[in-house]
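[1] the following block contains a protein sequence and its predicted model.
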Amino acid sequence: MRYRTRVTAPVAALIGTATALTVGSPALAAGRGNGTEGAETLDDPVFPSLGNDGYRVLSYDLDLAYDATTKLVDGTATLEIRTTEALSRFSLDALGLDIRTVRVHGRTAGFEQAGEKLRITPARTLPARARVTVCVEYSVDPARSAAPTGGWVITPDGFAVCGQPNLAHTVFPCNDHPSDKADFTFRITVPDGLRGVANGQLLRTERLYGDRTAFSYRSRSPMATELVQLTVGDYVIKNRQGPHGLQLRDVVPTARAAALEPALALTPGLVDWLEQRLGAFPFETYGLLPCNSDAPNAFDFTGLETQTLTLYKPNFLLQEESKIGSHMMHELVHSWFGNSVSPATWADLWLNEGHADFYGLLYRYERGWPDSLGLTTMDARMKDTYARGDQWRHDSGPVAAPNAANLFDDQRYLGGVLVLYALREFIGEDTFHAVERAFLARYRDSSATTEDYIAVASKVSRQDLSGFLGDWLYGTATPRMPGHPDWTVTPVNPALTAPHSRTGGRYRDNSATLQGS
């Protein structure tokens with residue numbers, strides 16, 4: 001995960017100049033009619049320029065072709081949208097993409113690229129509440145917008161993508177915000193000897209002229225743009241059976257398949273452990289993608305929860321189980337918290353990372369694996385975290401009130417765990433588990449806010465928890481820990497340079513499940 005200035009800093013390198021406008025048609029100003037120009041923001045509190053209003057996306061169909069000689073990608077993104085108001089113009093998020101043509105309902109539309117927006121002017125004003133097909137043809141050089149400043153991961157034999165949190169629009173034009181989830185289908189055309197893989201399940205494989213093959217996939221559940229995975233390389237597919245008939249598929253570098261097998265074989269047990277706590281796995285399949293690159297600058301995270309196919313650095317998975325199992329659980333938890341239920345805004349990130357670390361640490365301690373502090377119980381780790389609470393609030397803000405610079409600080413990870421631990425202590429373990437399952441069921445395949453979680457917790461526990469959780473999530477001082485009156489908070493040292501506060505938010509691996517590695 002990264003934050004916005006990691007994209008905006010190299011804008012000149014991606015689109016020539018940050019202020020340049022690329023006009024795609026003389027008809028740019030035509031057809032304005034009586035409609036409005038859709039807003040170019042969804043007012044996200046962390047990334048206010050991300051996303052667009054005036055419509056919602058129903059589905060994306062992404063058709064990509066990879067040229068192994070030039071390393072370029074030609075793409076066609078077909079979106080079906082539903083307008084929420086009459087639109088004379090609307091926009092998509094797009095950066096570093098060379099847009100060739102735009103069609104709206106089959107008719108050529110005017111367009112311009114301005115910063116990170118693709119502004120589209122249809123030939124006629126779009127009426128409110130209409131279903132509209134938008135087709136964008138483009139090309140992209142993944143090397144120009146590679147991680148960590150863009151959403152592409154370059155490998156010796158192809159690429160993978162990492163759109164989280166705000167980089168999917170460097171891969172395909174989209175409404176790049178997790179509140180606007182949509183259905184996805186994919187078609188990836190590659191030269192013989194390579195394989196194209198995407199989220200969801202394989203629909204068909206087509207042999208094409210010119211020694212090429214096209215692989216088509218579909219995700220059965222709606223997906224946030226930041227969770228899209230598209231990868232090309234010399235991979236082999238490893239299939240295995242998971243609990244309750246769940247189909248598991250791993251996408252593994254062919255040359256490293258045998259070496260990675262011990263890690264891949266852990267997944268069924270991880271899924272079984274988590275299903276006992278959170279219910280049935282929410283998607284049609286799950287698996288790992290050890291991306292075919294161990295370059296230290298390939299991407300700045302160990303694992304990334306792209307939906308149904310978690311992206312990993314291969315070398316991490318070559319370690320013994322006690323070094324990787326806790327973080328594999330962390331990434332698996334995101335299938336429930338983050339993927340099935342996505343954050344409604346990026347200020348709600350603690351719902352993702354707090355839950356992932358909560359269950360990842362429980363799994364670690366159940367197996368007796370010490371963490372980076374040498375601690376072996378959740379109570380001991382939370383007592384240590386509690387002592388740091390005021391310092392973290394001083395350095396990184398309240399748990400549920402991040403900004404772009406501190407979005408991925410420890411406060412969203414261990415700070416989120418501390419909130420969940422406090423809630424469990426306050427309402428009891430059985431009620432806590434009932435809250436978790438009720439929240440996941442209520443918001444499955446959609447997005448939810450922090451306030452939504454508080455409302456579900458209040459309803460299930462039959463008590464108003466808005467004050468209790470409000471203090472833990474938004475307060476500037478750490479509340480008393482229920483059941484532990486002896487726990488104390490260390491006073492704030494304003495001069496302390498905290499290692500958990502990463503300047504610029506560029507460091508994602510703040511998960512406590514990694515800190516015992």
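    Yep, that arrived. Residues are numbered from 1 along each chain as shown.
[2] where along the stretch 301-450 of the chain do the strands fall?
    303-304, 310-312, 341-343, 446-448 (DSSP state E, counting those that start in this stretch).
[3] wait, I meant the stretch 101-250 of the chain
    Counting by DSSP E, counting those that start in this stretch, the strands of the stretch 101-250 of the chain are 107-108, 110-114, 117-121, 131-140, 152-155, 158-161, 182-191, 195-198, 201-208, 212-223, 230-233, 235-241, 247-253.
[4] could you export those strands as CSV, including distance to P494 and mean neighbour count?
    From N, CA and C alone the C-beta is placed, and that goes for glycine too. Listed next are these as CSV, based on distance: least, Cβ to Cβ, whole Å; neighbours: other Cβ atoms under 10 Å:
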stretch, distance to P494, mean neighbour count
strand 107-108, 59, 13
strand 110-114, 41, 21
strand 117-121, 40, 24
strand 131-140, 45, 18
strand 152-155, 39, 22
strand 158-161, 41, 26
strand 182-191, 45, 21
strand 195-198, 48, 24
strand 201-208, 53, 12
strand 212-223, 43, 19
strand 230-233, 45, 25
strand 235-241, 50, 14
strand 247-253, 48, 21
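[5] which one of those strands lies closest to G475?
    strand 212-223 (33.9 Å; Cβ to Cβ).
[6] helices or strands up against the closest one?
    Using 3 or more Cβ pairs under 8 Å, 6 or more residues apart in numbering; DSSP states H and E, the elements in contact with strand 212-223 are strand 182-191, strand 195-198, strand 201-208.
[7] can you lay out those strands as JSON lines showing mean pLDDT and distance to L423?
    Converted to JSON lines, the helices and strands packed on strand 212-223 look like this (pLDDT from 0 to 100; distance: least, Cβ to Cβ, whole Å):
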{"stretch": "strand 182-191", "mean pLDDT": "98", "distance to L423": "32"}
{"stretch": "strand 195-198", "mean pLDDT": "98", "distance to L423": "37"}
{"stretch": "strand 201-208", "mean pLDDT": "97", "distance to L423": "36"}
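[8] compare the ones you listed and give me the one nearest P485.
    Closest to P485 of the helices and strands packed on strand 212-223, according to Cβ to Cβ: strand 182-191, at 48.7 Å.
[9] contact partners of the closest one?
    Here strand 182-191 makes contact (Cβ atoms under 8 Å, 6 or more residues apart in numbering) with 57-68, 158, 196-200, 203, 208, 211-219, 222-223, 225, 228, 230, 232.
[10] before we move on, the earlier item: and the strands of the stretch 101-250 of the chain: which comes nearest L311?
    Comparing the strands of the stretch 101-250 of the chain under Cβ to Cβ, the one sitting nearest is strand 158-161, at 5.9 Å.
[11] about what we covered before: same list (the strands of the stretch 301-450 of the chain) but as a markdown table, adding mean pLDDT.
    A markdown table is the format used below for the strands of the stretch 301-450 of the chain (pLDDT from 0 to 100):
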| stretch | mean pLDDT |
| --- | --- |
| strand 303-304 | 94 |
| strand 310-312 | 97 |
| strand 341-343 | 98 |
| strand 446-448 | 98 |
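[12] next, format the helices and strands packed on strand 212-223 as TSV and append distance to Q241.
    Putting those into TSV (distance: least, Cβ to Cβ, whole Å) gives the following:
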stretch	distance to Q241
strand 182-191	25
strand 195-198	20
strand 201-208	15
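[13] closest to E436 out of these?
    With Cβ to Cβ, the closest approach to E436 among these belongs to strand 182-191: 26.1 Å.
[14] so how far is that closest one off the chain centroid?
    Relative to the centre of its chain, strand 182-191 is centred 18 Å away, using Cα atoms, centre = their mean, to the nearest Å.
[15] tilt between it and strand 201-208?
    30 degrees (axes from the mean of the first three to the mean of the last three Cα atoms, to 10 degrees).
[16] which ones are touching D294?
    K313, P314, N315.
[17] run a quick neighbour tally on the residue nearest to the first one when sequence neighbours are not counted.
    When the adjacent residues along the chain are set aside, K313 lies closest to T302, with 5.7 Å between them (Cβ to Cβ, 6 or more residues apart in numbering). One way to gauge burial is a neighbour count; for T302, by other Cβ atoms under 10 Å, it gives 21.
[18] R212 versus T302, what's the distance?
    33 Å (Cβ to Cβ, to the nearest Å).
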